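A.B. asks: prediction below, plus the sequence it came from.
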Amino acid sequence: MTALLAGCSGAADDPGEAEKRDASMSAGASPDPAGGTGAGPSPDASPVPDPARLPKTRAQARDLIGRVIAGPDSFGPGVVKRSPYESDPATWPVLGEDCVWQQQKPAYSVLATLTRSFELPAEAGKGPVRLGAVVTVHRTREDAAWEMAESIEESMRCPTQELREGETIGSMVAAGLLGGESTQNSSEDFLNEMGEYRSSELGGPHHYSWQQAQSLQFTVAVTGKGAKGRTEDEIDTLVDEAQGTMLSRLENAVEKQS
C-alpha cells in the first residue's frame with residue numbers, strides 16, 4: 001500500500017555526527033517472522049540471493065558495504081568527498097527523547113554500517129549541496145524490516161529533529177511503497193521523504209530529500225540537503241542517482257550467478 005505521512009527523518013551525511021539511522025518503512029506494514037513486511041512485498045522486488053554470498057560475519061559485512069556504498073561519481077558530475085569522508089563504524093545514530101540525534105554503540109542486530117559524506121560545491125549564485133550515503137548490513141532480514149518500522153515511529157514522534165547544533169529538518173512528507181506496488185520493483189520496502197532543511201551556516205528553509213530502501217538483510221539510504229539557488233529537481237536527481245547505483249550494486253553482490 002502507498003502511504004503518505006507527515007513527519008520527518010534524516011539520513012546521515014556527516015560521519016561522526018550521523019543524523020539518521022538507516023531505516024524506515026511504509027506506514028501500516030510491520031515485520032513478520034519471515035523477515036518481510038506484513039503487507040507482503042512482491043518476491044520480484046529483491047534479488048534472489050545466493051546464500052553463500054550473504055554476509056554472516058562482521059568482516060564479510062564490511063567487505064560487502066565497500067562494494068555497494070556510493071562514491072562521488074555515484075551522484076553525478078561535480079560531486080566530491082567531504083571531510084571526514086567516512087563514519088566511525090563503532091557508532092550508531094539514535095534519536096533521543098528530546099528529538100536530537102546522538103551517537104551510540106550499534107545495535108546487536110547490525111553486523112556493519114558505514115556512512116559517507118559528499119558535497120556538490122558552491123558555484124555562481126548557488127550554495128553547496130550536502131549529500132550522504134549509508135549502507136547497513138543486518139544479521140537477518142527481519143532485523144532490517146524492524147529498523148524500517150522504527151524509523152516511521154521516530155518520524156511521527158519528532159516532527160522536527162535537530163541533526164546537530166545549528167541544523168534542523170522539519171515539515172516532512174513521506175511516501176512509502178512496498179515492493180511490487182506502483183512501479184516500485186527495486187526493493188522490498190522503500191520510503192521517500194521531503195521537507196525543509198535549515199542551517200545556521202546555509203540559512204533556509206531549503207529543500208531536503210531522503211530515501212531509504214530495504215532489500216533482504218540490507219538497508220541503503222541517501223540524503224540531499226539543499227542550499228540557496230538549488231532547485232528541488234536538482235537535489236532529488238542527485239539522491240535518485242546514488243540510490244539507484246547502490247541498489248544495483250547490492251543486487252550484483254548477492255544474487256545467484258547463472
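C.D. replies: Received, thanks. Numbering: from 1, shown residues only.
A.B. asks: from here on, just use CA atoms for contacts and neighbour counts.
C.D. replies: Noted.
A.B. asks: now do the same for the residue nearest to Ala174 when sequence neighbours are not counted: helix, strand or coil?
C.D. replies: Excluding the flanking residues, the one nearest Ala174 by Cα to Cα, 6 or more residues apart in numbering is Glu193, at 4.2 Å. Reducing the assignment to helix, strand or coil with DSSP: H, G, I helix; E, B strand; the rest coil, the entry for Glu193 is strand.
A.B. asks: Glu193 and His207 touch, don't they?
C.D. replies: No. Taking contact to mean Cα atoms under 8 Å, the distance of 10.7 Å between Glu193 and His207 leaves them out of contact.
A.B. asks: pLDDT of stretch 88-103, averaged?
C.D. replies: Mean pLDDT, stretch 88-103: 89.
A.B. asks: with just CA atoms, put it into CSV.
C.D. replies: What follows is stretch 88-103 as a C-alpha-only set of coordinates in CSV (Å, rounded to 0.1, in the frame of the first residue of the first chain):
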residue,chain,number,x,y,z
ASP,A,88,33.3,5.6,12.7
PRO,A,89,32.0,2.0,12.3
ALA,A,90,31.7,1.8,16.1
THR,A,91,28.9,4.4,16.3
TRP,A,92,25.2,4.2,15.6
PRO,A,93,22.8,7.2,15.4
VAL,A,94,20.0,7.3,17.9
LEU,A,95,17.2,9.8,18.1
GLY,A,96,16.8,10.9,21.8
GLU,A,97,13.6,11.7,23.6
ASP,A,98,14.4,15.3,23.0
CYS,A,99,14.4,14.8,19.2
VAL,A,100,18.2,15.4,19.0
TRP,A,101,20.4,12.9,17.2
GLN,A,102,23.3,11.4,19.2
GLN,A,103,25.9,8.6,18.7
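A.B. asks: run through the strands of the stretch 101-250 of the chain in chain order.
C.D. replies: The residue ranges that make up the strands of the stretch 101-250 of the chain, judged by DSSP state E, counting those that start in this stretch, are 101-104, 110-120, 129-138, 161-164, 167-178, 189-199, 203-215, 218-225.
A.B. asks: partners of the second one in the sheet?
C.D. replies: If you go by DSSP bridges, strand 110-120 pairs up with strand 80-86 (antiparallel), strand 129-138 (antiparallel).
A.B. asks: what's the angle from the longest one to strand 218-225?
C.D. replies: Same thing as strand 129-138. Angle of strand 129-138 versus strand 218-225, following axes from the mean of the first three to the mean of the last three Cα atoms, to 10 degrees, is 170 degrees.
A.B. asks: quick one: distance of strand 129-138 to the chain centre.
C.D. replies: Computed by Cα atoms, centre = their mean, to the nearest Å, the separation of strand 129-138 from the middle of its chain amounts to 5 Å.
A.B. asks: what are the buried residues along stretch 100-109?
C.D. replies: Buried positions in stretch 100-109, judged by neighbour count with 16 or more other Cα atoms under 10 Å: Val100, Trp101, Gln102, Gln103, Pro106.
A.B. asks: out of these, who's nearest Ala61?
C.D. replies: Pro106 (13.9 Å; Cα to Cα).
A.B. asks: where's the closest one relative to Leu54, distance?
C.D. replies: Counting by Cα to Cα, to the nearest Å, the gap from Pro106 to Leu54 is 20 Å.
A.B. asks: same question, Phe118
C.D. replies: According to Cα to Cα, Phe118 and Leu54 sit 28 Å apart.
A.B. asks: quick one: residues contacting Gly127.
C.D. replies: Pro121, Leu202, Gly226, Ala227, Lys228, Gly229, Arg230 (Cα atoms under 8 Å, 6 or more residues apart in numbering).
A.B. asks: neighbouring contacts of the helix ranked longest in the chain?
C.D. replies: As far as residue count goes, and with DSSP state H defining each element, the longest helix of the chain is helix 232-254. The set of residues that contact helix 232-254 without belonging to it, under Cα under 8 Å, 6+ apart, is 46-50, 53-54, 64, 67-70, 74-76, 129, 131, 133, 186-187, 207-211, 220-226.
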